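Asks: here's my sequence, what's the structure:
(one chain, ligands or ions: 1)
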Amino acid sequence: MNKVNNIRDYTNDEYISETEEYFGNSEYIAPGLVHTQEELINKIKSAPIEYLSLDDMKEMHNTDIGEILNAGKQEDMIRVGKQLAEEYERDWGSLVNAINDNKEIPPPIVLRDTKDKLVLMGGNTRLMVYTSHNKHLPVKIIDYDKEFDFKAEEQEFKKREETMVRKIITEDASKHYPSILKDICEPCKSVEEGEKIAVDLLNTLTKHKSGIGLAANQIGINKKVCVVHIPKREPLVFINPRIVAKEQEIMGVPEGCLSFPGETVHTTRHSLITVEADNWEEKVVLGPTSEDKQESTDELWECIATQHEIDHLNGKTMYDRELKREPIKRESKKIGRNEKVEITNGTDTKKIKYKKIEPFLLEGWRLVEEEQVNV
Ligand SMILES: [Zn+2]
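Replies: Got it, this is the predicted structure:
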């Protein structure tokens, strides 16, 4: 394998984002290693740079590099790596470009415990892309030889990984839906049963930065539990939820789904719903109420995501809510972000780029349906 020599230091911003990841996962990466971000950054700054042997890489924890190295031929390593990167929503392409352009790259960060166990702390995607392209990337090694013994933590670590973060069931949207996404989930027998599932859902959702909601059947549990978590807001947990009122229909909501990665579907939803759930004493009313624009957008998405997740529990996906354009005989078409669309609020109409539609939908505008032209 070709050694990569043109490495560079992390920028200040990169130090912050790399270490944020640690504090997000510290409980199971290296409990109690450091307590402040500054302390961790200093540790990384002073860590020596080494080239690990391929065997050491294969044995390393908290990374998928072993799976890639075991894939065999280079094309298989690339295939496996790409698949994993997609699953984690990581950018594979720009790192391939970095290799092709011979760009300088910061080395991944690895922890080594007293018994020489290695655990990756940052740079998994980098390591996957470079290794699968036959480039031997050096790593920064933090020798953590105080109270942390990875071996002793290993069992606990594995157990938590298994119970906390689950694999999301996905299927290429053009194929048939996986049957568990079509089945109606069973109600939970108790709130406690639902709460346990909700913990797994929230932890799994945290791993997928672009996701704002998840339903139990998406992680293979056929029970009526779903969670919605808009960044910077309190996560919402719903056990045996049902929507008891829906008002204010909105059309053309650009939705995605963790079970259909990369797909966007324009749906019809409601911007005001009332939900009942076994873990809520009172009815929950969702929809934009805040005067603050950002907050009201968040409230709207919370409301839409809740409809999306409760649909999952009833065996429906976003495709079942796809905006129907009845007058058009062809397949309902996808609207591109830069495509101009006509919107109306009942009295006025205007044309805007589709990507700018969100604030208008909030104010009661909707897409003008294309009309059939009789000739
Ligand atoms: Zn979904």
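Asks: shaky segments in the stretch 1-150 of the chain?
Replies: Within the stretch 1-150 of the chain, the set of residues satisfying pLDDT under 70 comprises 23-32, 114, 145-150.
Asks: buried set for stretch 34-44?
Replies: Of the residues in stretch 34-44, 34, 40, 41, 43, 44 count as buried by neighbour count, 16 or more other CB atoms under 10 Å. C-beta coordinates here come from the backbone N, C-alpha and C atoms, glycine included.
Asks: give the contact list for the last one.
Replies: Yep, that's residue 44 we're talking about. Residues counted as contacts of residue 44 (CB atoms under 8 Å, 6 or more residues apart in numbering) are 10, 15, 18, 19, 109, 140, 142.
Asks: and with 10 Å instead?
Replies: Residue 44 is in contact with 9-10, 15, 18-19, 22, 34, 106-107, 109, 121-122, 140, 142, counting by CB atoms under 10 Å, 6 or more residues apart in numbering.
Asks: return the subset of these lying in helices.
Replies: 15, 18, 19, 22 (DSSP state H).
Asks: dump those residues to CSV, plus distance to residue 211 and neighbour count.
Replies: Converted to CSV, the ones in helices among the contacts of residue 44 look like this (distance: CB to CB, whole Å; neighbours: other CB atoms under 10 Å):
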residue, distance to residue 211, neighbour count
15, 26, 20
18, 22, 20
19, 23, 24
22, 21, 19
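Asks: count of neighbours near residue 265?
Replies: 20 (other CB atoms under 10 Å).
Asks: next one: phi and psi at it?
Replies: According to degrees, to the nearest 10, the main-chain angles of residue 265 amount to phi -130, psi 130.
Asks: likewise for residue 223?
Replies: According to degrees, to the nearest 10, residue 223 has phi -130, psi 150.
Asks: before we move on, back to that, list just the nearest of the buried residues of stretch 34-44 to residue 207.
Replies: residue 40 (20.6 Å; CB to CB).
Asks: so the closest one versus residue 121, what's the distance?
Replies: Distance, residue 40 to residue 121, using CB to CB, to the nearest Å: 9 Å.
Asks: overlap in contacts, these two.
Replies: In contact with both residue 40 and residue 121: 18, 19, 22, 26, 33, 109, 142, using CB under 10 Å, 6+ apart.
Asks: now, which of these sits nearest residue 116?
Replies: Once CB to CB is applied, the member of those that ends up nearest residue 116 is residue 142, at 13.2 Å.
Asks: residues contacting that closest one?
Replies: Contacts of residue 142 by CB under 10 Å, 6+ apart are 30, 33-34, 40, 43-44, 46-48, 109-113, 119, 121.
Asks: which among the residues you listed count as buried?
Replies: Buried residues within the contacts of residue 142, counting neighbours by 16+ other CB under 10 Å: 30, 33-34, 40, 43-44, 47, 109-113, 119, 121.
Asks: look up phi and psi at residue 342.
Replies: The phi/psi pair for residue 342 (degrees, to the nearest 10) is phi -100, psi 130.
Asks: who does it bridge with?
Replies: residue 351 (DSSP bridges).
Asks: ok, back up a step: could you dump the shared contacts of residue 40 and residue 121 to a markdown table with distance to residue 285?
Replies: Listed next are the shared contacts of residue 40 and residue 121 as a markdown table, based on distance: CB to CB, whole Å:
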| residue | distance to residue 285 |
| --- | --- |
| 18 | 40 |
| 19 | 39 |
| 22 | 38 |
| 26 | 37 |
| 33 | 44 |
| 109 | 45 |
| 142 | 49 |
